[in-house]
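Undergrad: Quick one, structure for this:
(one chain, ligands or ions: 2)
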Amino acid sequence: MKFGQKSKNTGPKEYQIAPENILEVRDLRVDIKVDDYILNAVRGVTFTMKKGEALGLVGESGCGKSVTSKEILGINPENCSSAGEVLFRTKAGQVLNLLTLEKDGDIYRGLRGTEMAMIFQEPMTAFSPLYTIGNQLAEIIRIHEPKTTKKEARERVLQMLKKVGIANPEKRIDQYPHEFSGGMLQRALIAMMLCCNPDFLVADEPTTALDVTIQAQILELMKELQKEFGMSILFITHDLGIVANMCDNVAVMYLGEIVEYGTVRQIFHNPQHPYTKGLLRSLPKMNQSRAERLYVIDGVVPLPVDMQPCCGFFDRCGHCVKGVCDCQAISERIVEPGHYVRCVLTEQGDK
Ligand SMILES: Nc1ncnc2c1ncn2[C@@H]1O[C@H](COP(=O)(O)OP(=O)(O)O)[C@@H](O)[C@H]1O
Ligand SMILES: [Mg+2]
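TA: Ligands and ions are numbered 1, 2, ... in the order given. Predicted coordinates:
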């Protein structure tokens, strides 16, 4: 793909995805232009999500998780260009290729909020310091449902604040963001998201900035809400412990590619990719003595500048096959149904 080139829809095109799916991402590529070079931040990512599914997207910082999810929501900055297909089923049953929509156009703006939403690591940045929490939540409801009166919107906000476990919501509704703790703000952000009842949610490291106990409460809340509302959640985290607790399936991402994909059970009990194995080994274990040092994967995620087809992990991998892993595109192989890996060390045939 040349920089700036976009896969434009030339005329009304019908897209089809499997009836049980809400999202199909096909060979998504995102390049970011930075000064005088281009980062190949997402290098051909393909995955699907069923309605009501929680998919964990895991990997260290800099692997391309946020860029992938922001591309789905159409909120990457101007210096990003994309190719591939992101097919999304709306509540009305229409399948749209999101990459062909104007990012600031009416269709996308209508989708964000009512059909798809995002909660981030830093809830503070999602709120304006100038308005009360109640006003900001009510505003969102009234933007998406203009017929709602102020009184009705306030009533809905109160219900939502209660639902997300904010104590004393009658008082809290009139407070400003700075009067909320980090955990409460994250709850308020979840309430904001729920006000519009989206089918698809991206949760990008939603609990990373919180204390461990608050983290557990927020995760529990999200799990309950997901069940109640049947939302599909793309759960982005570098913490495999959270994935085990929250997700049905896991996609392990490294340097802009999904290197392994499977159910939580497949990934935790039968990991195949050296990177997945490394991530799992770096999890603290219950029976580990304090003197024992935690495993760390050597090296850091490099910047994806001018990436050639090869395994992104080759120079950090203890099993790299020189002349193969470092200079060829690695195709996806099936380990067993629903479990895929992109590594030449696995014996199974190509997909
Ligand atoms: N707006 C941006 N400008 C320049 N580089 C960016 C921008 N956003 C992300 N990147 C780069 O793209 C790569 C992927 O980043 P990101 O998706 O944020 O990683 P993750 O969410 O997995 O930590 C990284 O190398 C990061 O430095
Ligand atoms: Mg990120």
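
Undergrad: so what does the one helix or strand residue 88 maps to touch, helix or strand wise?
TA: Element membership of residue 88 [criterion: DSSP states H and E] is strand 80-89. Applying 3 or more CB pairs under 8 Å, 6 or more residues apart in numbering; DSSP states H and E, we find strand 80-89 packed against strand 21-34, strand 37-50, helix 65-73, strand 95-97. Just so you know, the C-beta spots here come from the backbone N, C-alpha and C atoms, and that holds for glycine as well.

Undergrad: can you redo those as JSON lines with mean pLDDT and mean neighbour count?
TA: Written out in JSON lines, the entries for the helices and strands packed on strand 80-89 read as follows (pLDDT from 0 to 100; neighbours: other CB atoms under 10 Å):
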{"stretch": "strand 21-34", "mean pLDDT": "96", "mean neighbour count": "20"}
{"stretch": "strand 37-50", "mean pLDDT": "95", "mean neighbour count": "20"}
{"stretch": "helix 65-73", "mean pLDDT": "96", "mean neighbour count": "22"}
{"stretch": "strand 95-97", "mean pLDDT": "95", "mean neighbour count": "17"}
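
Undergrad: what mean pLDDT would you report for the helix ranked longest in the chain?
TA: In the chain, assigned by DSSP state H, the helix with the most residues is helix 212-229. Throughout helix 212-229, pLDDT has a mean value of 84.

Undergrad: In terms of secondary structure, what does it contact?
TA: On a contact count with 3+ CB pairs under 8 Å, 6+ apart, helix 212-229 meets helix 182-194, helix 240-246.

Undergrad: Residue 203 belongs to a strand, doesn't it?
TA: Yes. With DSSP: H, G, I helix; E, B strand; the rest coil as the criterion, residue 203 is part of a strand.

Undergrad: Now do the contacts for it.
TA: Residues near residue 203 by CB atoms under 8 Å, 6 or more residues apart in numbering: 118, 119, 222, 233, 234, 235, 236.

Undergrad: from these, which is closest to ligand 1?
TA: residue 236 (6.8 Å; CB to the nearest ligand atom).

Undergrad: For the closest one, what are phi and psi?
TA: phi -100, psi 130 (degrees, to the nearest 10).

Undergrad: Let the chain start at 48 from now.
TA: Got it, first residue is 48 now, which makes that one residue 283.

Undergrad: got the contact list for the longest helix of the chain?
TA: Identification of contacts with helix 259-276 by CB under 8 Å, 6+ apart yields 99, 101, 210-212, 229-230, 233-234, 237, 241, 244, 250, 253-254, 257, 278, 280, 289, 292-293.

Undergrad: okay, the angle between that helix and helix 229-241?
TA: Comparing the axes of helix 259-276 and helix 229-241 via axes from the mean of the first three to the mean of the last three CA atoms, to 10 degrees yields an angle of 10 degrees.

Undergrad: How about the contacts made by the residue lying closest to residue 184 once chain neighbours are set aside?
TA: Excluding the flanking residues, the one nearest residue 184 by CB to CB, 6 or more residues apart in numbering is residue 204, at 4.4 Å. The contact partners of residue 204, taken as CB under 8 Å, 6+ apart, are 181, 184, 185, 188, 220, 238, 242.

Undergrad: Give me the subset of these lying in helices.
TA: 181, 184, 185, 188, 238.

Undergrad: ok, and the most crowded of those residues?
TA: Within the ones in helices among the contacts of residue 204, most neighbours by other CB atoms under 10 Å means residue 184, with 27 neighbours.

Undergrad: So that one sits against residue 243, correct?
TA: No. Under the criterion of CB atoms under 8 Å, residue 184 is not in contact with residue 243, lying 10.1 Å apart.

Undergrad: which residues touch the residue of the stretch 298-398 of the chain found nearest ligand 1?
TA: The minimum distance from the stretch 298-398 of the chain to ligand 1, using CB to the nearest ligand atom, falls at residue 350 (5.0 Å). If you count contacts by CB under 8 Å, 6+ apart, residue 350 has them with 86, 109.

Undergrad: What score does it have for pLDDT?
TA: At residue 350, pLDDT is 87.

Undergrad: got it, and the one 10 residues further on?
TA: Here the pLDDT value assigned to residue 360 is 90.

Undergrad: got the contacts of residue 250 as a markdown table, with neighbour count columns?
TA: As requested, the contacts of residue 250 are exported to a markdown table (neighbours: other CB atoms under 10 Å):
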| residue | neighbour count |
| --- | --- |
| 165 | 24 |
| 166 | 21 |
| 269 | 24 |
| 280 | 24 |
| 281 | 27 |
| 282 | 26 |
| 283 | 28 |
